[in-house]
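**Q** Fold the stuff below for me.
(2 chains, ligands or ions: 1)
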Amino acid sequence: MSMDELNIKDNTSLFKEERYVQQRENKKPFEAPCSEQETAEALAYSKSAEYMEKNFSRQNVVINPHKACQPLGSVMAALGFEKTLPFVHGSQGCNAYFRSHLSRHFKEPTPSVSTSMTEDAAVFGGMNNLIDGLENSVALYKPEMVAICTTCMAEVIGDDLNSFIGNARIKGVISEEYPVAYCNTPSFVGSHITGYDAMIKGILSYLYTRSGTRGKPGSGAESGEKLNVMLGFEPYTGNFAELRKILGAFDTKYTILGDHSGNYDSPATGEYEYYYGGTKLADVPQAANALATLSLQKYTLKKTQEYISGTWNQQLAALSTPLGIKGTDTLLDTISELTGLPIPAILTEERGRVVDALMDSHPYLHGKRVALVGDPDLLIGLIGFCLETGMEPVHIVCSNGDVDYNEVKFKDEAEALLAASPYGSEATVHVGKDLWHMRSLLLNDQVDLAIGSSHLKFAAKDAEVPLVRVGFPIFDRHHMHRYPIIGYQGTLNLLSLIVNTILQQLDDHNSGFNFELVR
Amino acid sequence: MDPLRQDEFDSQACGSIAPKAKPCPRPKPGEAAGGCSFDGAQITLLPIMDAAHLVHGPIACAGNSWESRGALSSGPSLSQYGFATDLTDSDIIFGGEKKLKDSIDYIAGRFAPPAIFVYSTCVTALIGEDMDAVCKEAADRIGIPVIPVNSPGFVGSKNLGNRLAGDALLQYVIGTGEPEPETDLGVNLIGEYNIAGEMWDIEKLMNSAGIAVTSRITGDARYKEITWAHRARVNMVVCSRALLGLAKEMEARYGIPYFEGSFYGAKETTYSLRQMAYLMNDREMERRVDRLTEREEARLSQELRPYRKLLRGKRAVLYTGGVKSWSVISALKELGVQVVGVGTNKSTEDDVRRIADRVGDDTEYIPEGGASRMIKTVRERKADIMIAGGRNMYVAMKEQIPFIDINQERHKAYAGYEGLLRLAKELTYSLTNPIWKLAASPAPWDKEAPPYDR
Ligand code: SF4
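**A** This next block holds a predicted model:
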C-alpha cells in the first residue's frame, strides 16, 4: 500500500512547520506580556534557595499532587475478587475518574459503577440511589458480589451504608444472602493506598463474618492452604506473576488475597467478559485457617494487617515492596520461615545471575544521584535497591506517607535505611509534599536521574533530568506494568531500565569522542 | 425519523442558559456513568492556557484528573498545573475558606496568572463554602480576576458542567476587556478546545480566507482574548451544544449573530467557512472563501482517492458525545464509511435530528452507554470499526474490534480538510493492521478456538 506518499504528519512534527511557528508567534501579544528577560529571571528565581524555602513553607495549596483519593484504591481492591463489581456511592464524576485513571494505567477496561447522586440525594440522603443502583447494577452486570465504597460526598452527608444495604434487602432488591461488602472511604482523609486497605479489610471481614466459621490458624494443611499473600495497591500485574513463580518454586500452597491481575491482564479472546480472575470468594473464610499471612506492602495494608493478626489471630509478616537483592532475600527468607520450606535452588541460581548483572552495570550506577517519588512501600524498596547498587538517593518525596499513624512510620524507616549506608548520607525524605516541591528540589540541587510515576515528567523536564517510570500511574508508556519489578527478575528489569536510560543519555549528549560502541 | 425519547426532549433545555424543563438528563444509579459537572466545567475552561485553575475540594477531584486532557497549548502551560486546596477532615468541619484564600494568594504571588478560576466540588458545595465571596474579596485585594465556577459534581452530567462554565464566562469574563485598537475583529470559536491541535488547523484555514479569530472559547486561549469576545462580529458554536446558550446570550446582550457548525468533514468545513463570511456580511470575504474551499476540496478529493477505495462500504459504530455524534457522521460519509450505529446518550433533540438527516434508515440509535450495548451493536450490525472515547477503547480491544479514539484524549487532529485526510488515514490503518488477523486466528495447535467472524 502506498499510503505514505501522502505523508500526513503527527502533531509533534506538524506543529514545528514554519506556518505553525508563525501562528504561535502571532499569538504572543495576547499572552501575559513577559519579556524574555523576565522569563529567564523567573526561571532563575525558581531555582534559587530563596524560592525553595518559600515553596516549602507553602501550607494551603497543593500543586501537582502525587496521590489519588481513597475510593480509587477501593475500586482496585474490589477488582481483586472474583466476579466482584466495584460500586462507588457518591456523585458520578468520581467513578468516571477512577475508571479512566485505572484504564489509562493498565490499558484495560475497568468495570465500576456509581450511584450517581445528585442534588436531591444531597438533601435527602443517598439511600434511594443506593437501592436503585444495586438493583440496576446487579441486573446489568450480574456480579457475584458487590463491593461498595463511599466518596466524600456520601461521607459529608453522612450516609449509613450498613442500614441502606439492609433496607435494600428488606425491599427485596437483593436477596438476604447476596454478598455486599463495603467500606467508608472519604477522600478528605488518606489516599489511594488507605482506600485500598479499607476495601480489602472490608471484604475479608465481611466474607469471614458471614461464613459463620471460625478460623483456626495453622489448620490450613487440612484445607490445603498454607500461606496467604497480599500484594496491596499493586500497579504491576507482572508482580503477581513473579510472586506466583516464586511461590511455585517453593512448592507451597497459597492464596492471594486481593488479586486484580486477572482483571488487568486478560487475554484478547474476542469477547469481553467484565470479570477475570480474582480471589475466589469462598477462599476468604478458608484463608483464616492458613499458617500465616505475608503482606508485601506494610504501609498500605495497615488496617488489614491489624485485622488479620487480631481477629484471625494469625501470624503475620509485613514487608515493603520486595525489590533489590536484599529485598528479595528477605522475601525468600520470610516465605521459608513461614512455611518451613527450604529456599529452592533455582531461586538461588537466579539470584546469582542477577547479582552478576548488577556487577556488569555497576560502573554506570555508582554515584548516580537520584530523586524518588512514590507510595511508601515502593519507596522503601527503591531506596534499598539504589543503596545496594551505589546510587545515591538525594530527594525522596512521598505525598501519602504516614501522617496519622503512630506505629512504625515510613519516614523513620526510610531515614534509618538511608543512614545505614554511606550512599544515603545526602538524602532527605519529604512526607506530605507534592510534585511542585519536588520540582524545587530538582532545580535547586541537581540529580542525574528521577524515578517515579508519569506525573513526575513535568518537573523532570523542567530540570532536564531523565525519568525512569516506576510506580503509579504510568500513563505515557506502554506495558511497563506487565513486567515485574519485584523479586530477582524484577530487580533485573529495573536494573535494565535504569542503566539503559543512563546509557541512552550518554549517547544523546555525547557526540565526538565519547560516542562509543562498547559500554 | 424516530420519535424522541422523553429525556432527549428534556435534554434540549441544556442548550439554553435558563432551562425551562429539567436540565440535562439525569444519570441512572448503578451504571458506569460518565463525568460529572465539575469535570465538564473544568474541560471547558482548562484550555485557557495562561490562567490558573484551582480546585477547591478534597484530593479526589484534582488528584485523579490533573493534566490528563488532550487540549494543546502553543505557549503558556499554567493550565497544566494541578492546583488543589486538598481539603482534609478538619477543613470539612471548620470550613476551607481560609485555605482557599491562602491558596489564591499563593498562586497569584508565585505564578502571576492573568486570572484564577476556582472550581467548587461536591464537598465544598455541600458544606456551604461561600466561594463567590472569597473569590470576590480576593479579586479586589490582589487585583486580578478570580472567577468562581459553581459546578459541583452532584448537580449533574458533564454537559451541564460545560454550560455552567459558559455561565461563568458570561458573568465574569466576557465584556470585561477591550481589544487593542489594531486588532482585526472577526469570529469567536465557541466550544473548540484545540484537542490534538485542531484549533490550529481551523485557524489557519480561516486566516487564509481572511477571517480573523477574535476569541477562542476556549481552545488554546489566552485569558485576555476572552474578555473582549463581545466585540466579535460572529459567533460560531463548534461542536458543543452545551455552549449554545452562551452564543444565544451573546446575541441577546451584544447583538452578535451566531450559527452552529462543525469542522468535521469537507462539506461541514466549507459550510462553516461560508457561513462565517455570510454572517460577516462581506462580499469580498465570501468570494475568498469560495475560492479557498473550492481549491481545498479539489485538492482533498485528489488526495483522498486511495483511501476512499479502501474505505468504501465499511461500516462503523459511532459513540461520542454531543455534536460530534452528527458531525463525524458527515465526515465518515464523505469517506464512504457507513454509520450503522450511533450513540445518542449525550445528544440533544437537535443533534438527534441532525443525526437522522445524515444516516440511513437502518442505523441503530444507542441511547444508553455501557460497553456491552455498543459491542452488541457492532456484532449485530456487522460493523468493521468502532469510533468512541478512551474509556471504551480497551473493551473494543478485548473484543478485537478496530477502534479509533474520537474524544478528548485523542492524539490526532481531525478537523478541517487536512483533518479529514488524517481521519481517512487513521481509519485505513486501524482497519488494515495485520494484528486483527493474527488475533483472530487461534494458536495453530488449538482447533477449538472460535473462528473470526464479523
Ligand atoms: S463527582 Fe464531586 S467529588 Fe467526584 S470528581 Fe466530581 S466534583 Fe469531585
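
**Q** C-alpha from now on. contacts and neighbour counts both.
**A** Noted.

**Q** Show the contacting residues for A:Val284.
**A** A:204, A:207-208, A:257 (Cα atoms under 8 Å, 6 or more residues apart in numbering or on different chains).

**Q** what number of residues lie near the residue in the stretch 351-454 of chain B positioned nearest to chain A?
**A** Per Cα to the nearest Cα, B:Glu399 is where the stretch 351-454 of chain B lies closest to chain A, at 3.8 Å. Counted with other Cα atoms under 10 Å in any protein chain shown, residues neighbouring B:Glu399 total 19.

**Q** Just give me the neighbour total for the residue nearest to it when sequence neighbours are not counted.
**A** In space, and not counting its chain neighbours, B:Glu399 is closest to A:Gly270: 3.8 Å by Cα to Cα, 6 or more residues apart in numbering or on different chains. Per other Cα under 10 Å, the neighbour tally for A:Gly270 reads 19.

**Q** what does B:Asp89 give?
**A** Neighbours of B:Asp89 (other Cα under 10 Å): 16.

**Q** If we ignore the residues flanking it in sequence, what's nearest it?
**A** A:Phe188 (5.6 Å).

**Q** how about that neighbour, secondary structure?
**A** Look at A:Phe188: counting by DSSP: H, G, I helix; E, B strand; the rest coil, its state is coil.

**Q** Would you agree it is in contact with A:Cys152?
**A** Yes: shown here, A:Phe188 and A:Cys152 form a contact pair, counting by Cα atoms under 8 Å, at 6.7 Å.

**Q** who touches both of these two?
**A** B:Pro58.

**Q** Between the two, which is the more surrounded one?
**A** Just comparing A:Phe188 and A:Cys152: by other Cα under 10 Å the higher neighbour count belongs to A:Cys152, 29 against 24.

**Q** Hmm, B:Thr121 and that one touching each other?
**A** No: checked against Cα under 8 Å, the pair A:Cys152 and B:Thr121 is beyond contact range at 10.0 Å.

**Q** tell me which element A:Gln505 falls in.
**A** helix A:487-509 (DSSP states H and E).

**Q** just checking, what packs against that helix?
**A** Judged by 3 or more Cα pairs under 8 Å, 6 or more residues apart in numbering or on different chains; DSSP states H and E, helix A:487-509 is in contact with helix A:237-250, helix A:324-339, helix A:345-365, strand A:467-469.

**Q** Between these, which one is closest to A:Tyr45.
**A** For those, distance to A:Tyr45 was read as Cα to Cα. The smallest value, 23.6 Å, belongs to strand A:467-469.

**Q** Return the list of strands paired to that closest one, each annotated with direction.
**A** Strand pairing for strand A:467-469, using DSSP bridges, gives strand A:449-452 (parallel).

**Q** Check what contacts the strand it pairs with and list those residues.
**A** Against strand A:449-452 from outside (Cα under 8 Å, 6+ apart): A:368-374, A:460, A:465-472.

**Q** Repeat the analysis, applying 10 Å as the threshold.
**A** A:66, A:368-375, A:378-379, A:382, A:391, A:393-397, A:442, A:456-457, A:459-460, A:463-474, A:498, A:501-502 (Cα atoms under 10 Å, 6 or more residues apart in numbering or on different chains).

**Q** Can I get the helix or strand that comes right after that strand in CSV, CA atoms only?
**A** Reading on from strand A:449-452 to the C-terminus, the next helix or strand found by DSSP H and E is helix A:457-462. The C-alpha coordinates for helix A:457-462 follow below in CSV (Å, rounded to 0.1, in the frame of the first residue of the first chain):
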residue,chain,number,x,y,z
LYS,A,457,7.6,14.1,34.0
PHE,A,458,6.8,17.8,34.1
ALA,A,459,9.2,18.5,36.9
ALA,A,460,11.8,16.2,35.4
LYS,A,461,11.6,18.0,32.1
ASP,A,462,11.9,21.4,33.7
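
**Q** Against which helices or strands is helix A:457-462 packed?
**A** Packed against helix A:457-462, as judged by 3 or more Cα pairs under 10 Å, 6 or more residues apart in numbering or on different chains; DSSP states H and E, are the following elements: helix A:435-444, strand A:449-452, strand A:467-469.

**Q** Quick check: B:Glu418 vs B:Glu303, distance?
**A** 10 Å (Cα to Cα, to the nearest Å).

**Q** Between those two, tell me which one has more neighbours.
**A** Neighbour totals were compared for B:Glu418 and B:Glu303, and B:Glu418 leads with 21 against 15 (other Cα under 10 Å).

**Q** is it fair to say that one lies in a strand?
**A** No: going by three-state DSSP, the assignment for B:Glu418 is helix, not a strand.

**Q** quick one: it and B:Asp201 touch, right?
**A** Yes: using Cα atoms under 10 Å, B:Glu418 makes contact with B:Asp201 at a distance of 7.7 Å.

**Q** picking that back up, check the secondary structure at the residue nearest to B:Glu399 for me.
**A** Following three-state DSSP, A:Gly270 is assigned to coil.

**Q** That one and B:Trp436, how far apart?
**A** Separation of A:Gly270 from B:Trp436 (Cα to Cα): 10 Å.

**Q** One more: A:Asn400?
**A** Taken as Cα to Cα, the span from A:Asn400 to B:Trp436 is 42 Å.

**Q** same check, this time on A:Ala318
**A** 45 Å.

**Q** More neighbours: the two, which one.
**A** Shown here are A:Ala318 and B:Trp436; by other Cα under 10 Å, A:Ala318 has more neighbours (19 against 16).

**Q** list the contacts for the more buried one?
**A** By Cα under 10 Å, 6+ apart, A:Ala318 lies in contact with A:229-230, A:293-299, A:301-302, A:305, A:331, A:334.

**Q** Could you single out the nearest of those to the ligand?
**A** A:Leu301 (24.5 Å; Cα to the nearest ligand atom).

**Q** Contacts only, for the closest one.
**A** A:193-198, A:200-201, A:230-233, A:295, A:307, A:318, A:377.

**Q** what does the model give it for pLDDT?
**A** We have a pLDDT of 96 for A:Leu301.

**Q** Can you give me the distance of B:Val149 to B:Gly96?
**A** As for B:Val149, its distance to B:Gly96 is 16 Å (criterion: Cα to Cα).

**Q** and if you look at B:Glu268?
**A** Using Cα to Cα, B:Glu268 is found at 48 Å from B:Gly96.

**Q** what about residue 285, neighbour count?
**A** By default, I'm working from chain A. The number of residues near A:Pro285, taken as other Cα under 10 Å, comes to 22.

**Q** To clarify, I was referring to chain B.
**A** Counted with other Cα under 10 Å, residues neighbouring B:Met285 total 19.

**Q** residues contacting the closest residue in space to it that isn't next to it in sequence?
**A** Nearest non-adjacent residue to B:Met285, counting by Cα to Cα, 6+ apart: B:Ala277, 5.7 Å away. By Cα under 10 Å, 6+ apart, the contact set of B:Ala277 is B:186-187, B:206, B:209-211, B:234, B:283-290.

**Q** List the buried residues for the helix or strand hosting B:Ala277?
**A** Using DSSP H and E, the element containing B:Ala277 is helix B:266-280. For helix B:266-280, the neighbour count (16 or more other Cα atoms under 10 Å in any protein chain shown) marks B:266-270, B:272-277, B:279-280 as buried.

**Q** near chain B, which residues of the stretch 301-450 of chain A show up?
**A** Taking Cα under 10 Å from any Cα of the partner chain as the test, the list of the stretch 301-450 of chain A residues beside chain B reads A:435-436.

**Q** residue in the stretch 301-450 of chain A nearest to chain B?
**A** A:Trp436 (9.1 Å).

**Q** how many neighbours does B:Ala32 have?
**A** Neighbours of B:Ala32 using other Cα under 10 Å come to 25.

**Q** so it sits right up against A:Ser100, yeah?
**A** No: in this structure, B:Ala32 is not within contact of A:Ser100 by Cα under 10 Å, at 11.3 Å.

**Q** Pull up the overlap in contacts between those two.
**A** Contacts common to B:Ala32 and A:Ser100, judged by Cα under 10 Å, 6+ apart, are A:Thr110.
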